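> sequence and computational prediction follow.
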Amino acid sequence: MGKKIVIGADHAGFEVKEKIKHMLDELGVEYKDVGTASADSVDYPDFARQVAESVGTGEFEQGMLFCGSGTGMAISANKVRGVRAAVAWNADIARLAREHNNANVLAVPARFASEDEVTAIVKAWFEAEFEGGRHEGRVNKISEIENSSER
């Protein structure tokens with residue numbers, strides 16, 4: 001696949017993350033796992049930040065986050081400059097997040113998607129590319145908001 005990604009999860013997404021690692025290995029996707037390393041309770045912003053900063057600095061092209069709803073991870077990740085994190089609960093949403101929004105971080109709701117759905121979400125994410133065109137101006141406007149806001 002040629003992509004270099006970073007992945008992370010909290011306790012609610014730990015098991016799903018571990019299963020997705022096997023899928024990434026099969027796809028030949030190079031990845032770095034920043035944790036968590038167990039299902040013991042942790043704070044999701046810690047892992048969202050690690051993934052988002054790795055993507056925001058350009059160290060990794062994309063990131064994937066796994067937690068209960070995906071929402072807290074996405075909110076946290078979107079605080080990092082250069083990150084466009086999207087919660088995807090099905091393959092169509094994942095595909096559209098890449099194609100229309102040039103999302104570079106995927107947040108997967110582990111408690112609300114079956115194993116088959118998660119597999120389809122990740123597969124759709126990797127198969128999709130940013131379409132540009134009419135979407136490019138909109139993504140540029142998102143960057144303008146980001147660059148004009150004080151952080």
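Structure received.
> all the helices of this protein, in order from the start?
For the chain, helices defined by DSSP state H occupy the ranges 14-27, 44-56, 71-77, 91-101, 115-127, 134-148.
> redo those helices as CSV? Include distance to Val83, mean neighbour count and mean pLDDT.
C-beta: built from backbone N, CA, C; applies to glycine. Shown next, in CSV, are these (distance: least, CB to CB, whole Å; neighbours: other CB atoms under 10 Å; pLDDT from 0 to 100):
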stretch, distance to Val83, mean neighbour count, mean pLDDT
helix 14-27, 19, 16, 95
helix 44-56, 5, 23, 98
helix 71-77, 5, 23, 98
helix 91-101, 12, 19, 98
helix 115-127, 15, 18, 95
helix 134-148, 9, 11, 89
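> distance to Asp33 added to those helices, as a markdown table?
Formatted as a markdown table, the helices of the chain follow (distance: least, CB to CB, whole Å):
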| stretch | distance to Asp33 |
| --- | --- |
| helix 14-27 | 7 |
| helix 44-56 | 10 |
| helix 71-77 | 15 |
| helix 91-101 | 20 |
| helix 115-127 | 14 |
| helix 134-148 | 27 |
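> for those helices, which one sits closest to Gln62?
Proximity to Gln62 (CB to CB) singles out helix 44-56 among the helices of the chain, at 6.5 Å.
> which strands and helices sit next to the closest one?
Contact here means 3 or more CB pairs under 8 Å, 6 or more residues apart in numbering; DSSP states H and E; on that basis helix 44-56 packs against strand 4-9, strand 62-67, helix 71-77, strand 105-109.
> right, I'll call it a day here.
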